[in-house]
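Trainee: task: produce atomic coordinates for the following.
(2 chains)
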Protein chains: 2
Amino acid sequence: MSVETKDRIIETGARIIHRQGFNNTGIKEILDEAGVPKGSFYFYFKNKEDFGLSVIDHFNAKFAVMTEDILKDGSSPPLKRLNKLLDFFMDFFRHTEYSCGCPIGNLSQEMGDLSAEFSKKLSDSIDAMAGMYAKLLTEAADSGEIGADIDIEETAYFIVSSWHGALIRMKVLKSDQPLKSHKRFILENILACQG
Amino acid sequence: MSVETKDRIIETGARIIHRQGFNNTGIKEILDEAGVPKGSFYFYFKNKEDFGLSVIDHFNAKFAVMTEDILKDGSSPPLKRLNKLLDFFMDFFRHTEYSCGCPIGNLSQEMGDLSAEFSKKLSDSIDAMAGMYAKLLTEAADSGEIGADIDIEETAYFIVSSWHGALIRMKVLKSDQPLKSHKRFILENILACQG
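Mentor: Residues are numbered from 1 along each chain as shown, chains lettered A, B, ... in the order given. Reported below is the predicted structural model:
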């Protein structure tokens, strides 16, 4: 038993769950793909739900690492960083052929009615994403890039929500058109018109 | 065997799938709740996927019936009807204690990567929802309620997408706050600022 084994189970599980959903993924399938015997699973996790909570932590940590460089690039003004962030995610989904979507959005949709503990953790994850946008918007308001009386918190949550919705249509269309449209509405409409 | 039996299987299945997802719902569970023997299922449907396609048709038909009165109310100007429509859905979700969400959005998220036939039918369903909004927006542009040079089609799809995303956060928050916020952004921002 090792941290490595636990991480391998989580990483493998996260990859499969992102692709096909939580309820559609069996523990056996994860362990077979990870090459780990069944006993290991119950050494690290109480049950599948307990494991799912660790998978959410994994997704959050991965999201933070993926976005770090763009967010911290002080040489770019805040709206340019927002622009780059949306482009980065569009590139990401182009490479995955417009599949999977946002794992946090997916799990919220799938598990939001089924488990209060999942819901709380997913709601916190959405808060963190909105917090990332709120930070950029605060900087943008401070530097005069957007109006100073914009409702930063509500706008940040709306960016996350409308992105999650755009990903839903992306999946059935297999096209980035909904993502491009999301970006246009956020940057040219919502942020340009408020405040 | 009768149309009644087939409809009962579809209605029961739709109710359960709306609540807990497609992959998470077994045929046996549907038939038990509908009080129908197993043989009946395979008399009407080739397999679970074939059944799922009928369930999507059922959701679409139900959506059309639910929205018909508001959409056709000629005594209300188009933006007022849009307002009423969003209020109607908010009331609907208040009554379901912010659970379930939009079945078409849910299935798109769940099945968009798993079945091309599902994706096509779901994409058509989203087209129909966007078509409903596009019709209202066209009337609103014609009557001068919104700018004449608004991109009606893109805006209509954005209303659907951002609504689907708002429903995702509604489910984990168990609150109508994301739906209220969606309405505010659409009516006071997107439609007020474009064109």
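
Trainee: thought residue A:167 was touching residue A:102?
Mentor: Yes: with contacts defined as CB atoms under 8 Å, residue A:167 counts as touching residue A:102 at a distance of 5.5 Å. For every residue, glycine as well, the C-beta is placed using N, CA and C.

Trainee: quick one: the helices in chain A?
Mentor: For chain A, the helices defined by DSSP state H cover A:3-20, A:27-34, A:38-44, A:48-72, A:78-95, A:103-111, A:116-142, A:152-173, A:177-184, A:191-193.

Trainee: would CSV of those helices with distance to residue B:131, mean pLDDT and mean neighbour count be doable?
Mentor: Shown next, in CSV, are the helices of chain A (distance: least, CB to CB, whole Å; pLDDT from 0 to 100; neighbours: other CB atoms under 10 Å in any protein chain shown):
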stretch, distance to residue B:131, mean pLDDT, mean neighbour count
helix A:3-20, 31, 96, 18
helix A:27-34, 40, 97, 16
helix A:38-44, 47, 92, 14
helix A:48-72, 35, 97, 16
helix A:78-95, 25, 98, 17
helix A:103-111, 24, 97, 26
helix A:116-142, 30, 97, 19
helix A:152-173, 14, 98, 26
helix A:177-184, 16, 98, 20
helix A:191-193, 26, 87, 17
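
Trainee: dump those helices to a markdown table, plus distance to residue B:64.
Mentor: Listed next are the helices of chain A as a markdown table, based on distance: least, CB to CB, whole Å:
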| stretch | distance to residue B:64 |
| --- | --- |
| helix A:3-20 | 31 |
| helix A:27-34 | 39 |
| helix A:38-44 | 46 |
| helix A:48-72 | 36 |
| helix A:78-95 | 31 |
| helix A:103-111 | 23 |
| helix A:116-142 | 31 |
| helix A:152-173 | 19 |
| helix A:177-184 | 23 |
| helix A:191-193 | 33 |
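
Trainee: tell me the residue furthest from the middle of chain A?
Mentor: Relative to the C-alpha centroid of chain A, counting by CA atoms, centre = their mean, residue A:39 is the outermost residue, at 30.6 Å.

Trainee: who's in contact with the residue lying closest to residue A:165 once chain neighbours are set aside?
Mentor: Leaving aside its sequence neighbours, residue A:165 sits nearest to residue B:165 (CB to CB, 6 or more residues apart in numbering or on different chains; 3.1 Å). Going by CB atoms under 8 Å, 6 or more residues apart in numbering or on different chains, residue B:165 touches A:105, A:160, A:161, A:162, A:163, A:164, A:165, A:166, A:168.

Trainee: what's the farthest-apart pair in these?
Mentor: The two members of these with the most space between them (CB to CB) are A:160 and A:168, at 13.3 Å.

Trainee: residue A:47 versus the closest residue to residue A:28 other than its chain neighbours, what's the distance?
Mentor: Among residues not flanking residue A:28 along the chain, residue A:38 sits closest, at 7.3 Å (CB to CB, 6+ apart). Distance, residue A:38 to residue A:47, using CB to CB, to the nearest Å: 13 Å.

Trainee: residues contacting stretch A:43-55, please?
Mentor: Stretch A:43-55 is contacted from outside by A:1, A:5-6, A:9-10, A:13-14, A:17, A:22, A:27, A:41, A:107, A:111, A:115, A:117-118, A:121, using CB under 8 Å, 6+ apart.

Trainee: so residue A:152 makes contact with residue A:141?
Mentor: Yes: Residue A:152 is within contact range of residue A:141, at 6.6 Å (criterion: CB under 8 Å).

Trainee: pull up the overlap in contacts between those two.
Mentor: Among the neighbours of residue A:152, none is also in contact with residue A:141 (CB under 8 Å, 6+ apart).

Trainee: is stretch A:59-68 in proximity to chain B?
Mentor: No: with CB under 8 Å from any CB of the partner chain as the criterion, chain B is not reached by stretch A:59-68; the gap is at least 14.0 Å.

Trainee: from chain B, how far off is residue A:182?
Mentor: Using CB to the nearest CB, to the nearest Å, residue A:182 is found at 7 Å from chain B.

Trainee: wait, that residue touches residue A:161, no?
Mentor: No: if you go by CB under 8 Å, residue A:182 and residue A:161 don't touch, sitting 10.3 Å apart.

Trainee: which neighbours do the two share?
Mentor: Here residue A:182 and residue A:161 share no contacting residue, scored by CB under 8 Å, 6+ apart.

Trainee: ok, now which ones touch residue A:35?
Mentor: Neighbour list for residue A:35: residue A:8 [criterion: CB under 8 Å, 6+ apart].

Trainee: ok, the one 3 residues further on next?
Mentor: By CB under 8 Å, 6+ apart, residue A:38 lies in contact with A:27, A:28, A:31.

Trainee: quick one: contacts for the first one?
Mentor: With contacts defined as CB under 8 Å, 6+ apart, the neighbours of residue A:27 are A:38, A:41, A:48, A:51.

Trainee: if we go to 7 Å?
Mentor: For residue A:27, the contact set (CB atoms under 7 Å, 6 or more residues apart in numbering or on different chains) comprises A:41, A:48.

Trainee: is it true that residue A:186 touches residue A:159?
Mentor: Yes: assessed by CB atoms under 7 Å, residue A:186 is found in contact with residue A:159 at 5.6 Å.
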